[in-house]
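Undergrad: Structure for this input, please:
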Amino acid sequence: PRYPRSNAYDDARVIENMMGPNPLWLMEWLTEAAPLKPGMRVLDLGCGKAMTSIFLAQAFDVEVWATDLWISASDNWERIRAAGVTDRVFPIHADARKLPFAHGFFDAALSVDAYHYFGTDDLFLGTFAPYIRPGGCLGIAVPGLMQPFDGGVPNHLLEDFWDGRECFSFHTLDWWSGHLAQTGLISIEAADSLEDGWKDWLRFCELLDETGKGWPGETAAVRADRGAYLGFHRVVGSVNPTK
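TA: Got it, this is the predicted structure:
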């Protein structure tokens, strides 16, 4: 019930195109704090199979540059065509660290379940923020830790879930807020965690398991954790003018 916009989308379509915990839910949550107006130019960074980009165009009548490294622009273009938003969603195949855009081009840049793959780098925001116009919006929603580990990764997460190559990019809300604010490039306007986000995560995991498309170990880990460590964080800020 907390995601009325996402409820309009077919479950089978969401499952077919998902690349992580329900990205439509996360994008709907993120946009509650990220001001979008019709006609805005929006970068959807790490868009996966462009489902969130299509959502943004249909829900807010904005123009979206659906940008991803792992999924080809041609494949995403087919999904964009099928959704009937070819006039508002433009697929781009690019690395977040080598974006082909003009500085100041975007009114907003949003990223769900992706920013932690590249944005933990202390130097990343310095190269990324200039693509957003001064006063424009930067918003991220990422999986993270509800509290720091005390004594190492708990056993219930180590079993079949915690991947040391990627999961160590999970951080607390305080870490993300401080990480983004420390450069002075953006002013933080909202920073919070999704209330009972682990329950939404578990609900989606169980649905994926029913269809045979779940990630082995994820459901058991989220169920055993019960929100002690795993959850979702949202940080939204405005880009400060540069001197």
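Undergrad: by contact count, what packs against the longest strand seen in the chain?
TA: Across the chain, the longest stretch assigned as strand under DSSP state E is strand 132-145. Packing partners of strand 132-145 (3 or more C-beta pairs under 8 Å, 6 or more residues apart in numbering; DSSP states H and E): helix 23-31, strand 106-112, helix 173-181, strand 230-239. Just so you know, the C-beta spots here come from the backbone N, C-alpha and C atoms, and that holds for glycine as well.
Undergrad: Quick one: closest of the ones you listed to Val222.
TA: strand 230-239 (5.9 Å; C-beta to C-beta).
Undergrad: could you check the angle strand 132-145 makes with the top helix by length along the chain?
TA: If you go by DSSP state H, the chain has its longest helix at helix 197-211. Interaxial angle of helix 197-211 relative to strand 132-145 (axes from the mean of the first three to the mean of the last three C-alpha atoms, to 10 degrees): 80 degrees.
Undergrad: Make 18 the first number, not 1, from now on.
TA: OK, 18 is where the count begins now, so the last one is helix 214-228.
Undergrad: what's the most buried one of the helices and strands packed on strand 149-162?
TA: Comparing the helices and strands packed on strand 149-162 by mean neighbour count (mean count of other C-beta atoms under 10 Å), strand 123-129 ranks first with a mean of 26.
Undergrad: Show me how far it is from its chain's centre.
TA: 10 Å (C-alpha atoms, centre = their mean, to the nearest Å).
Undergrad: cool, and stretch 127-146?
TA: Distance, centroid of stretch 127-146 to centroid of chain: 11 Å (C-alpha atoms, centre = their mean).
Undergrad: Return the set of buried residues in that stretch.
TA: 127-133, 135-137, 141-142, 145-146 (16 or more other C-beta atoms under 10 Å).
Undergrad: Select from the residues you listed every entry located in strands.
TA: Those of the buried residues of stretch 127-146 lying in strands (DSSP E): Leu127, Ser128, Val129.
Undergrad: Please pull out the lowest mean pLDDT helix or strand from the protein.
TA: helix 28-34 (a mean of 87; mean pLDDT, DSSP states H and E).
Undergrad: Other residues contacting that helix?
TA: With C-beta atoms under 8 Å, 6 or more residues apart in numbering as the test, helix 28-34 has contacts from Ser23, Asn39, Leu41, Gly65, Lys66, Ala67, Met68, Arg96, Leu224, Leu225, Thr228, Lys230.
Undergrad: buried set for the longest strand of the chain?
TA: Ile149, Arg150, Gly153, Cys154, Leu155, Gly156, Ile157, Ala158, Val159, Pro160, Gly161, Leu162.
Undergrad: possible to save the residues you listed as TSV with distance to Val79?
TA: Below are the buried residues of strand 149-162 laid out as TSV (distance: C-beta to C-beta, whole Å):
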residue	distance to Val79
Ile149	14
Arg150	14
Gly153	12
Cys154	11
Leu155	15
Gly156	13
Ile157	17
Ala158	17
Val159	22
Pro160	25
Gly161	26
Leu162	31
